[in-house]
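Asks: sequence plus the predicted model coming up.
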Amino acid sequence: MVRSKTLGSRIFNVCNYIVMGILALSCLYPLWYAFCLSVSSKTAANSGLVTVVPVGFNFSSYQEIMKDWRFFNSFGISVQRTLLGTVVTLFALVLLAYPLSKTKREYSLRGIVMWVVIFCMVFNGGTIPWYIVMVKYYNLMDSIWGLVLSGGLPVFNLILIVNFFRSLPRDLEEAAVIDGATEWGILFRIVIPCSIPVLATIVLFTSVGHWNEFFQGLVLTSGEAHYPLQTYIKQMVVNIQTTNLTTDQLQKLDQLSNKSLDAAKVFIAMIPMLVVYPFLQKYFVNGIMLGAVKE
């Protein structure tokens, strides 16, 4: 009986490893294919000859994207937007989530505020009213703060933090109150240090969202000098101007493929997040699981 159970466990583990390996490969292959496509020749890319190995290896697509100073300007804007946006969003979420994690006796308006936030998430005004408010009333056209604040308050992330705060032992706060701690002291000395997993998860979500977003940069800016990276690459790939190009530039452009440019765009966009993710990955699962369970 024991031997049969052991054999069954081994079979299950082997099957589990096989399935997990297939799923991992299915996730990694598109990334590898995009890389191969980005460094392949135009003919190979357009003919569909690229599979798992680059064909006609070259860096023409990357050179075309990175040779212009506007690329580095857009890169700097995206870095600034991501850093500011992550800090501002995290600060606002923590300050709002902390009172919402209290009981109704401690914060009587908790239910009303939570319903207002959820209502605004479900029933939004749409793109045009949002644009009018951002440009006409807030005057955030061509401003880095327009890109930072345009995403609003991510309610899903707020719910994760609220549920995580509620899962913290109440004894910690009661002990701090006995020692004379204020609400600010409890928040910054007890609640936040104990909430590193969920906060790291929110940092990952927010930074990825700010880095990959391109539409708001297209709407809230009036020219390439103010484009974030994703908007700049999108406009470069879609609207390649050929009227003012020299003969050498036209020859280089003829060697490029839109498929290769798109693949290069994907890889350039992924690099910063691939650098950040390993430092936050260890908190990711723990933060999601604890923050997603409502008590």
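Replies: Structure's in. What do you need? Numbering: from 1, shown residues only.
Asks: so where do the helices sit in the stretch 101-250 of the chain?
Replies: For the stretch 101-250 of the chain, helices defined by DSSP state H, counting those that start in this stretch occupy the ranges 110-122, 127-132, 144-149, 155-167, 170-178, 183-186, 192-194, 196-212, 215-219, 229-238, 247-254.
Asks: of all those helices, which lies closest to Q80?
Replies: helix 144-149 (6.0 Å; Cβ to Cβ). Just so you know, the C-beta spots here come from the backbone N, C-alpha and C atoms, and that holds for glycine as well.
Asks: put together a markdown table for the helices of the stretch 101-250 of the chain, with mean neighbour count on each row.
Replies: A markdown table is the format used below for the helices of the stretch 101-250 of the chain (neighbours: other Cβ atoms under 10 Å):
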| stretch | mean neighbour count |
| --- | --- |
| helix 110-122 | 12 |
| helix 127-132 | 12 |
| helix 144-149 | 20 |
| helix 155-167 | 20 |
| helix 170-178 | 12 |
| helix 183-186 | 14 |
| helix 192-194 | 13 |
| helix 196-212 | 20 |
| helix 215-219 | 18 |
| helix 229-238 | 20 |
| helix 247-254 | 10 |
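Asks: in a markdown table: those helices, plus distance to L100.
Replies: Listed next are those as a markdown table, based on distance: least, Cβ to Cβ, whole Å:
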| stretch | distance to L100 |
| --- | --- |
| helix 110-122 | 6 |
| helix 127-132 | 24 |
| helix 144-149 | 21 |
| helix 155-167 | 5 |
| helix 170-178 | 15 |
| helix 183-186 | 14 |
| helix 192-194 | 15 |
| helix 196-212 | 14 |
| helix 215-219 | 27 |
| helix 229-238 | 32 |
| helix 247-254 | 54 |
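Asks: wait, Y131 sits on F215?
Replies: No: the criterion here is Cβ atoms under 8 Å, and Y131 misses it with F215 at 10.8 Å.
Asks: pick out the residue closest to the middle of this protein.
Replies: The centroid of the chain falls nearest to V208 when counting by Cα atoms, centre = their mean (1.5 Å).
Asks: helix or strand for the closest residue to that one other than its chain neighbours, which one?
Replies: Once flanking residues are discounted, V208 sits nearest to M273: 5.6 Å by Cβ to Cβ, 6 or more residues apart in numbering. Assigned by DSSP states H and E, M273 belongs to helix 258-292.
Asks: just for the stretch 151-295 of the chain, where's the confidence low?
Replies: 236-258, 280-295 (pLDDT under 70).
Asks: 90 instead?
Replies: Along the stretch 151-295 of the chain, segments meeting pLDDT under 90 span 151-157, 159-160, 163-209, 211-295.
Asks: and the longest helix along the chain, what does it pack against?
Replies: Across the chain, the helix with the greatest residue count (assigned by DSSP state H) is helix 2-38. Applying 3 or more Cβ pairs under 8 Å, 6 or more residues apart in numbering; DSSP states H and E, one finds that helix 2-38 contacts helix 258-292.
Asks: what mean pLDDT does the longest helix of the chain have?
Replies: Average pLDDT, helix 2-38: 83.
Asks: check which residues of the helix or strand following it are buried.
Replies: Counting by DSSP H and E, the element after helix 2-38 in chain order, helix or strand, is helix 42-47. Of the residues in helix 42-47, K42, A44, A45 count as buried by neighbour count, 16 or more other Cβ atoms under 10 Å.
Asks: dump the residue contacts of the residue nearest to V208.
Replies: By Cβ atoms under 8 Å, 6 or more residues apart in numbering, the contact set of M273 is S207, V208, W211, N212.
Asks: tabulate those residues (TSV), appending distance to I11.
Replies: Formatted as TSV, these follow (distance: Cβ to Cβ, whole Å):
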residue	distance to I11
S207	42
V208	38
W211	43
N212	41
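Asks: which of the residues you listed lies closest to I18?
Replies: For those, the nearest to I18 is V208 (30.2 Å; Cβ to Cβ).
Asks: ok, that closest one to Y277 distance?
Replies: 9 Å (Cβ to Cβ, to the nearest Å).
Asks: also I18?
Replies: For I18 relative to Y277 (Cβ to Cβ), the value is 26 Å.
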